[in-house]
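Colleague: fold the following.
(one chain, ligands or ions: 1)
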Amino acid sequence: MRTAQVLLRRKIKRIAVKLEKYLGTPHPPSTRAKPIDMLIATLLSQNTNDKNSHRAYIQLKKTFPSWSEIAGVPWQKIATSIRTGGMANQKSKRIKKIIRTIEKEYGSIDLDFLYEKSDDEVIEILSSFDGVGIKTAACVLTFSLGRDIFPVDTHVHRICNRLGLTSNCKTPECTFQQMKPNIPKGKGYSFHTNLIRFGRKICKANNPLCNICPAYKECRYEDKEIFAIRRTNRITQKDYEFMLLDNV
Ligand code: SF4
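Modeller: The predicted structure follows:
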């Protein structure tokens, strides 16, 4: 292994340890949602916050207790039930299309066969559905199938870039591929979850609280000194720990 990669792996490990000391060590829920449920929940979480998408998911399940009911109803009916999650029209059409595709290609509306597939096969299968990208597939792998994978959404992507853990990555997909071989063994879930919490509490998109950041010395963000001297920012205390995918 090249020296640069060894140093990068050590840096990622140091940051993962710092975040666990600062935010605690997150553990996955004792029961995991089925892959099909996790897929739909992750689709609902796109472009909204976890609280709103959780409400939309609960309402969707209440309106359609089994996924087969969704296959036969007009998308407008689905949209009504997920309105609180935002982009309801687009998401309802997408969910209906995916459900019908799964039924047509695999004979039933179920993705339990993914338990037998490798990580790469799961990514390939799920990414073949319209509107499903690597991030969504990685969430199913981590939160439903219990694999040691590190999902990257826009927030995790932003923080990895600021910390200098990736090089020239413009998209979460690029960050996912670069980070994948360097995540400490067994830390995919914990590091992902703590980076989400860290992004909500400290390394916020617009006003990072660099003055109290536990990873300040490791960070490569060019404006960190400017943000470090602003001491008026407040820590978000409320609800920063709620994670939709732990509550499916
Ligand atoms: S120093 Fe600032 S920009 Fe860097 S990781 Fe910490 S909060 Fe984020």
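Colleague: going forward, measure contacts between C-alpha atoms and count neighbours the same way
Modeller: OK.
Colleague: domains in the chain, by residue range?
Modeller: Under automatic domain parsing, the residue ranges defining each domain of the chain are 3-27+151-246, 35-144.
Colleague: make CSV from the ones you listed and add mean pLDDT to it.
Modeller: Below are those laid out as CSV (pLDDT from 0 to 100):
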stretch, mean pLDDT
domain 3-27+151-246, 92
domain 35-144, 94
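Colleague: of those domains, which is nearest the ligand?
Modeller: domain 3-27+151-246 (3.6 Å; Cα to the nearest ligand atom).
Colleague: buried sites along the longest helix out of those in the chain?
Modeller: Longest helix in the chain by number of residues (criterion: DSSP state H): helix 3-23. For helix 3-23, the neighbour count (16 or more other Cα atoms under 10 Å) marks 8, 9, 11, 12, 13, 15, 16, 17, 19, 20, 23 as buried.
Colleague: likewise stretch 115-130?
Modeller: Neighbour-count burial for stretch 115-130 [16+ other Cα under 10 Å]: 115, 119, 122, 123, 126, 127, 129.
Colleague: just give me the neighbour total for residue 183.
Modeller: Using other Cα atoms under 10 Å, the number of residues around residue 183 comes to 21.
Colleague: could you list every residue that touches it?
Modeller: Neighbour list for residue 183: 9, 12, 13, 150 [criterion: Cα atoms under 8 Å, 6 or more residues apart in numbering].
Colleague: of all the buried residues of stretch 115-130, which two lie farthest apart?
Modeller: Farthest apart among the buried residues of stretch 115-130 by Cα to Cα are 115 and 129. That separation is 17.9 Å.
Colleague: kindly check the end-to-end length of stretch 43-59 for me.
Modeller: 15 Å (Cα to Cα, to the nearest Å).
Colleague: could you do stretch 118-137 as well?
Modeller: Across stretch 118-137, first to last residue, Cα to Cα, it's 12 Å.
Colleague: kindly report the same for stretch 106-116.
Modeller: For stretch 106-116, the end-to-end distance is 14 Å (Cα to Cα).
Colleague: if you count neighbours, what's buried in it?
Modeller: Quick answer for stretch 106-116 (16+ other Cα under 10 Å): 109, 110, 111, 114, 115.
Colleague: for the first one, helix, strand, or coil?
Modeller: Counting by DSSP: H, G, I helix; E, B strand; the rest coil, the backbone at residue 109 sits in coil.
Colleague: okay, helices next: where are they in the chain?
Modeller: Taking DSSP H to define them, one finds helices in the chain at 3-23, 35-44, 50-63, 67-71, 75-81, 88-106, 119-127, 134-139, 154-163, 172-179, 188-201, 224-228.
Colleague: isn't residue 67 right up against residue 98?
Modeller: No. At 10.7 Å, residue 67 and residue 98 do not qualify as touching, with contact defined as Cα atoms under 8 Å.
Colleague: the more surrounded of these two?
Modeller: Per other Cα under 10 Å, whichever of residue 67 and residue 98 has more neighbours is residue 98, with 22 against 19.
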